[in-house]
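> Quick one: sequence plus predicted model below, questions after.
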Amino acid sequence: MSEILTIAIIAFDFVISIWDAYAGGYSLGILKKTGDKSKFKRASAISAVGLGLVGSVYVIATILGLVAAWLGYISFATLAFILSFNMLFLGILIIGFGLIITIQSIMLAAQRKSIWSILLAVYNSFALGFDIWVYISTFKESASIITRSTRRSQGNGMVIIVIAALIAFIIVHAAYKHGYKKGMAMASTQTAGRRAIL
């Protein structure tokens, strides 16, 4: 049962990461096409893409580490290093990007007052709070594992993480580009509609 729950959580995190990259690209496409110079909107969109990339690296590195350890290619000490590195270094990036996105979603909810925007703001706030709680509660243990890891474990672990980063970049870049093109197309359609009305 716990294995199924773990797989479900990992799958959910991966889907959310890809969606973040797509949504960030979509927003950047609209901003580019409409000529919107809002720095905060641009920062929020870039943060979404960044969150998508970091989240994907986190998930893929975890999966690769678990599979490699299960097949006997790496030691469990190396796996512990990978999981601790994910938590300590990628975790803080996830919190940083998530903070910007959460602030934007709260601002949008206050402006639009729609059920969807409010639910999204609530979800983002909850996710951010949960991420911060997990980071704080596991910080000491993760730091201890990293400092006690041997050079061999650290080296093997970093190889897995770099491979995960390359795979994540390819996937996230594709999602971002797809979203960017969709955003550009949507902005063009809206602009054409306004001109037709005028």
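Looks like it arrived, so ask away.
> Distance from the chain centre to the lengthiest helix in the chain, please.
Scanning the chain for the helix with the most residues, using DSSP state H, yields helix 151-197. Distance, stretch centre to chain centre, for helix 151-197: 11 Å (Cα atoms, centre = their mean, to the nearest Å).
> What mean pLDDT does it get?
The average pLDDT within helix 151-197 is 85.
> what packs against that helix?
Helix 151-197 sits against helix 2-34, helix 39-71, helix 76-85, with contacts defined as 3 or more Cβ pairs under 8 Å, 6 or more residues apart in numbering; DSSP states H and E. Where you see a C-beta, it was placed from the backbone N, CA and C, and this is true even at glycine.
> Could you dump those helices into a markdown table and include mean pLDDT and distance to Thr102?
A markdown table is the format used below for the helices and strands packed on helix 151-197 (pLDDT from 0 to 100; distance: least, Cβ to Cβ, whole Å):
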| stretch | mean pLDDT | distance to Thr102 |
| --- | --- | --- |
| helix 2-34 | 88 | 12 |
| helix 39-71 | 95 | 10 |
| helix 76-85 | 96 | 25 |
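> and the ones you listed as JSON lines, adding mean neighbour count and distance to Leu120?
Formatted as JSON lines, these follow (neighbours: other Cβ atoms under 10 Å; distance: least, Cβ to Cβ, whole Å):
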{"stretch": "helix 2-34", "mean neighbour count": "17", "distance to Leu120": "11"}
{"stretch": "helix 39-71", "mean neighbour count": "20", "distance to Leu120": "12"}
{"stretch": "helix 76-85", "mean neighbour count": "21", "distance to Leu120": "29"}
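> out of the ones you listed, nearest to Lys182?
Proximity to Lys182 (Cβ to Cβ) singles out helix 2-34 among these, at 5.5 Å.
> That closest one packs against which elements?
If contacts are counted by 3+ Cβ pairs under 8 Å, 6+ apart, helix 2-34 sits against helix 39-71, helix 151-197.
> Among the ones you listed, which comes closest to Val122?
With respect to Val122, and counting by Cβ to Cβ, the nearest of those is helix 39-71 at 17.4 Å.
> Report the angle between the closest one and helix 2-34.
If you take axes from the mean of the first three to the mean of the last three Cα atoms, to 10 degrees, helix 39-71 sits at 150 degrees to helix 2-34.
> packing partners for helix 39-71?
Helices and strands touching helix 39-71, by 3+ Cβ pairs under 8 Å, 6+ apart, are helix 2-34, helix 76-85, helix 91-112, helix 151-197.
> Tell me the gap between that helix and the middle of its chain.
Its chain's C-alpha centre and that of helix 39-71 lie 5 Å apart, by Cα atoms, centre = their mean.
> how far off helix 151-197 does that helix point, in degrees?
140 degrees.
> Now do the contacts for the residue nearest to Leu88 when sequence neighbours are not counted.
Excluding the flanking residues, the one nearest Leu88 by Cβ to Cβ, 6 or more residues apart in numbering is Ser142, at 4.5 Å. For Ser142, the contacting residues are Leu83, Ser84, Phe85, Met87, Leu88, by Cβ atoms under 8 Å, 6 or more residues apart in numbering.
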